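Engineer: Here is a sequence with its predicted model. Questions after.
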Amino acid sequence: MLSPPLDDIDVDEREWKSGPAHKKARWSKARIHRRRRRVMAVVLAAFGIFFLWLAISLGGALTNPALGSSMGARAAEWFREHGGASVVVWAENLWYSHHQPKVGGALAPGTIRKPTAAGNTASVAVPHLPAPAAIAPIASPPVAGEGQWSPAGRLVKGVPAIYETELRPSMIHTSYVVGVAWMDPKLLKATLYSGSQIPGGGPFTHTAPISATAANSLDAAFNAGFLVPDSNGGYYTDNKTIVPLRTGAASFVVYKDGTSTVGQWGRDVAMGPNVVAVRQNLDLLVDNGAVVPAAYSANSPQWGKTLGGQLFVWRSGIGVTANGALVYVGGPGLDIADLANILVRAGAVRAMELDINTDWVNYSTYAPSTPGGAATPANGNELLPGMTGTPGRYFQTWWARDFITMSTVAP
């Protein structure tokens, strides 16, 4: 019986053992070259697979507006999620080292809007809170209109449910302006919308995009808090604890009747049958009507990580006043103490930080031309012109972060 044919390697080995020395050397080199080619082919194939994955993954991130409004923000989010946080921090430090907030400076004419009258034309008595008192300006001398309220969004039977104002955040950075919004709990109800990225999971009862039905009463929408792993807090919605709630955490709580408040979990607020949503983020920034002492330790890790580790960045916060109104503050050039101080000046007795950095701070109001009309991106307005995302982000299927809406309550 004939033996099965030997492959080239077996032939090489047999001839190498019986052949002269110079042939042995030649055959040995041939084997080494073949093996190198095979190794190189495997390496090239691995690199090809890696770069294909990179192109799909990173390319998808760079075209995903849910990760930020700019290419830089989207790339940073992708690198953070794939183990590149240290690279992102280095790049942010480098960028911010050349982009420190300007000290001093004057505002361009018209930067702060002139206050407008409420224009209350209510023919029917509607229970509502009195309009908020003007906020005392921080920078001196004050600019005309600074801290003076104007109605925003849709009216409820002719009564404004939201007031807005602008002011400079400090006596040092006088060329920056932040926005403040005041919301009447007697005319508005809150809803926490959850996303596939924050808190993750789902599906959720309330998630982007805002439905056509909800748009008929929508008055305002604004950003919520940090990514859940960075928030040092929990998340509750749809009768489920998505992330365990932390005792002592600053918490935005929504109740079944649509009312909402801000408080310390386990002291001011706690779980009960009337609670429908809890969004926790860090610790209280304002307590008992005063800035908490830790806010003056700006580098404290309890206030989260800013781009480049900088103190003065875009920030937002939410607070509750003594009569139950909600106050939102958002804008550029804010350190944590400035944010807390403005919340106190706006009347907050308890307040918490929401989100930070340019791409995530957004507050939008909606004013349809007809009563009961649908809120749309076209009739939306931002609290500050420099806010990214536009009033349309909450109407998009791709918006994957959580946010809060304020909708009118039928009298």
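Structural biologist: Thanks, I have it.
Engineer: my guess is Leu384 is in a strand, correct?
Structural biologist: No - the assignment for Leu384 by DSSP: H, G, I helix; E, B strand; the rest coil gives coil, which leaves it out of any strand.
Engineer: pretty sure it is touching Tyr176, no?
Structural biologist: No - with contacts defined as C-beta atoms under 8 Å, Leu384 does not count as touching Tyr176, sitting 10.2 Å away. For the C-beta atoms, the positions are set from N, CA and C on the backbone; glycine is no exception.
Engineer: Need the residues touching each of the two.
Structural biologist: When contacts are counted by C-beta atoms under 8 Å, 6 or more residues apart in numbering, Leu384 and Tyr176 are jointly contacted by Gly331.
Engineer: Comparing the two, which residue is more hemmed in?
Structural biologist: Tyr176 (22 against 18; other C-beta atoms under 10 Å).
Engineer: roughly how far apart are that one and Ala214?
Structural biologist: Here the distance between Tyr176 and Ala214 works out to 34 Å (C-beta to C-beta, to the nearest Å).
Engineer: any weak-confidence spans in the chain?
Structural biologist: Counting by pLDDT under 70, the ranges of the chain that qualify are 1-27, 50-107, 109-110, 118-124, 298-311, 411.
Engineer: What ranges does it have for its helices?
Structural biologist: With DSSP state H applied, the chain shows helices at 8-18, 21-62, 71-81, 85-96, 212-215, 228-231, 336-345, listed in chain order.
Engineer: Contacts only, for Met387.
Structural biologist: Gly330, Val361, Asn362, Tyr363, Ser364.
Engineer: His206: which of those is nearest?
Structural biologist: For His206, the nearest member of the contacts of Met387 is Ser364. The distance, counting by C-beta to C-beta, is 16.8 Å.
Engineer: Nearest residue to the closest one in space, please, no chain neighbours.
Structural biologist: With C-beta to C-beta, 6 or more residues apart in numbering as the criterion, Ser364 has its nearest non-adjacent residue at 3.7 Å, and that residue is Pro391.
Engineer: wouldn't the one you found be in contact with Gly380 here?
Structural biologist: Yes - checked against C-beta under 8 Å, the pair Pro391 and Gly380 is within contact range at 2.6 Å.
Engineer: Point to the residue nearest the middle of the protein.
Structural biologist: Trp360 (3.6 Å; C-alpha atoms, centre = their mean).
Engineer: Identify the nearest residue to that residue in space, disregarding sequence-adjacent positions?
Structural biologist: Beyond its immediate neighbours in the sequence, the residue positioned closest to Trp360 (C-beta to C-beta, 6+ apart) is Asn223, lying 5.4 Å away.
Engineer: What of Gly289?
Structural biologist: Once chain neighbours are set aside, the closest to Gly289 by C-beta to C-beta, 6+ apart is Val349, at 4.5 Å.
Engineer: wait, what's in contact with that neighbour?
Structural biologist: Val286, Asn288, Gly289, Gly319, Val320, Thr321, Ala322.
Engineer: Provide a ChimeraX selection command restricted to the buried entries of those residues.
Structural biologist: This is the ChimeraX syntax for the buried subset of the contacts of Val349, where burial follows 16 or more other C-beta atoms under 10 Å:
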select :286,319,320,321
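Engineer: Just send the contacts of Val349 back as JSON lines, with distance to Val409 too.
Structural biologist: Putting the contacts of Val349 into JSON lines (distance: C-beta to C-beta, whole Å) gives the following:
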{"residue": "Val286", "distance to Val409": "26"}
{"residue": "Asn288", "distance to Val409": "29"}
{"residue": "Gly289", "distance to Val409": "27"}
{"residue": "Gly319", "distance to Val409": "21"}
{"residue": "Val320", "distance to Val409": "17"}
{"residue": "Thr321", "distance to Val409": "18"}
{"residue": "Ala322", "distance to Val409": "21"}
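Engineer: Just the ones of the contacts of Val349 in strands?
Structural biologist: Among these, DSSP state E puts Val286, Gly319, Val320, Thr321 in strands.
Engineer: Which one of the contacts of Val349 is nearest to Leu129?
Structural biologist: With C-beta to C-beta as the yardstick, the closest approach to Leu129 among the contacts of Val349 comes from Thr321, at 8.8 Å.
Engineer: give the contact list for the closest one.
Structural biologist: Contacts here follow C-beta under 8 Å, 6+ apart; on that basis Thr321 touches Val327, Ala346, Gly347, Ala348, Val349.
Engineer: Same check on Asn281?
Structural biologist: Each residue near Asn281 by C-beta under 8 Å, 6+ apart is listed here: Ala224, Gly225, Phe226, Ser231, Asn232, Gly233, Ala249, Ala250, Phe252, Met352, Glu353, Leu354.
Engineer: Please determine how far Asp283 is located from Thr165.
Structural biologist: When C-beta to C-beta is the yardstick, Asp283 and Thr165 sit 27 Å from each other.
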